[in-house]
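Chemist: have a look at this fold, sequence not included:
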């Protein structure tokens, strides 16, 4: 059998979806960028100011770029960056876009709506540049509207943006909390925002009703295995993986 190049075949695939949230089951999950920021210091009131760490990411490369926050000094003294967020949430994770001298974060605090800080992570930051420092943790029992990043590194650390993830349904949370909670977690690259895989699929055509069917485009990705199947009519050396 002679196979045609896939570039010469027009295929229509229709996918249906079912929502699968990662880490949370609530339909009120929210990911939001910081709306305000202050810092222990900033390089200037314009470029590299604390306010540059608010809003969506706008620094695409690793480098000394004035669209990210940087402290006033390139020394190794501890610094902090405090972000505020518009909508209080029961937090489950944060993401930080580091764009210069990455790996500077050594502590993360959450700030509740009464202004109390709660340490949720301490450790070693191994983020590449540019890259995302990400941590997840059990859903907080207090409403969070702020994050404090503690940094320390030789050189100017630069942070482009900070994202807070959590559940907006805070109706069962007490209006105030007391004390400071502490904990540790490891940075992870596992996403924590709501995501969904296709739950069904149809196509203009499919190779068979089992292998290579439209329905095999549904569901979560599965690891590539060593199982090999040979297409009918192909020489033995021309093969494709069942999962590839």
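Modeler: Received, thanks. Just so you know, these numbers come straight off a predicted model, no measurement behind them.
Chemist: contacts, neighbours, all on C-alpha from now
Modeler: Will do.
Chemist: just the strands in this protein please.
Modeler: 13-20, 29-33, 36-39, 79-100, 105-112, 117-122, 131-136, 143-151, 158-167, 195-203, 228-229, 240-241 (DSSP state E).
Chemist: nearest to residue 51, out of those?
Modeler: Closest of the strands of the chain to residue 51 is strand 36-39, at 5.3 Å (criterion: C-alpha to C-alpha).
Chemist: quick one: average pLDDT of that closest one?
Modeler: The average pLDDT within strand 36-39 is 98.
Chemist: picking up where we left off before, and residue 215, which of the strands of the chain is closest to it?
Modeler: strand 195-203 (5.0 Å).
Chemist: ok, back up a step: how about JSON lines for the strands of the chain, with mean neighbour count and distance to residue 50 added?
Modeler: Listed next are those as JSON lines, based on neighbours: other C-alpha atoms under 10 Å; distance: least, C-alpha to C-alpha, whole Å:
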{"stretch": "strand 13-20", "mean neighbour count": "14", "distance to residue 50": "35"}
{"stretch": "strand 29-33", "mean neighbour count": "19", "distance to residue 50": "14"}
{"stretch": "strand 36-39", "mean neighbour count": "18", "distance to residue 50": "5"}
{"stretch": "strand 79-100", "mean neighbour count": "23", "distance to residue 50": "7"}
{"stretch": "strand 105-112", "mean neighbour count": "23", "distance to residue 50": "16"}
{"stretch": "strand 117-122", "mean neighbour count": "20", "distance to residue 50": "19"}
{"stretch": "strand 131-136", "mean neighbour count": "21", "distance to residue 50": "18"}
{"stretch": "strand 143-151", "mean neighbour count": "24", "distance to residue 50": "12"}
{"stretch": "strand 158-167", "mean neighbour count": "26", "distance to residue 50": "9"}
{"stretch": "strand 195-203", "mean neighbour count": "15", "distance to residue 50": "31"}
{"stretch": "strand 228-229", "mean neighbour count": "13", "distance to residue 50": "54"}
{"stretch": "strand 240-241", "mean neighbour count": "12", "distance to residue 50": "50"}
